[in-house]
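Colleague: What follows is a predicted protein model with its sequence.
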Amino acid sequence: MNTIRAAITNISKFLDKIIRPAFDDKCKETTIIDGADLIDQLEKYIKKALFKSSTLFCTFDIHNLYT
């Protein structure tokens with residue numbers, strides 16, 4: 001379904017501008033951007049002695065938040 005020119009596209013973009021800073025601020029410590037950031041975060045996690053054999057990882061990718 002193509003929603004690029006949907007009636008709510010501009011509202012979605014507007015809300016993203018308002019909500020994005022709050023989301024990024026609250027989630028920045030648990031968000032991993034790319035492979036290099038993953039390695040940096042794992043090193044910090046290991047140094048805090050939080051990395052265990054029972055540690056679970058979850059990944060997801062949002063392809064199009066507006067749909």
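Modeller: Ah, there it is. Numbering: from 1, shown residues only.
Colleague: for this protein, which helix is longest?
Modeller: Looking across the chain with DSSP state H, the single longest helix is helix 9-27.
Colleague: after that helix comes which helix or strand?
Modeller: Moving toward the C-terminus from helix 9-27, the first helix or strand encountered (DSSP states H and E) is helix 35-47.
Colleague: Let me see the mean pLDDT of that following helix.
Modeller: Helix 35-47 comes out with an average pLDDT of 91.
Colleague: what comes up buried for that helix?
Modeller: For helix 35-47, the neighbour count (16 or more other CB atoms under 10 Å) marks no residue as buried. Any C-beta I mention is one placed from the backbone N, CA and C, and that applies to glycine too.
Colleague: okay, and for the protein, where does confidence drop off?
Modeller: Counting by pLDDT under 70, the chain shows low-confidence ranges at 1-4, 64-67.
Colleague: And the residue nearest the centre of the chain, how far from residue 9?
Modeller: Residue closest to the average C-alpha location in the chain (CA atoms, centre = their mean): residue 31, at 5.1 Å. Plainly put, residue 31 is 25 Å away from residue 9 if you go by CB to CB, to the nearest Å.
Colleague: what's the answer for residue 17, then?
Modeller: Residue 17 sits 13 Å away from residue 9 when distances are taken as CB to CB.
Colleague: Over to residue 58?
Modeller: Spatial separation of residue 58 from residue 9 under the definition CB to CB is 29 Å.
Colleague: Tell me which of these two has more neighbours.
Modeller: residue 9 (13 against 4; other CB atoms under 10 Å).
Colleague: Could you measure from the more buried one over to residue 24?
Modeller: Counting by CB to CB, the gap from residue 9 to residue 24 is 21 Å.
Colleague: same deal with residue 12?
Modeller: In this structure, residue 12 lies at 17 Å from residue 24, with CB to CB as the measure.
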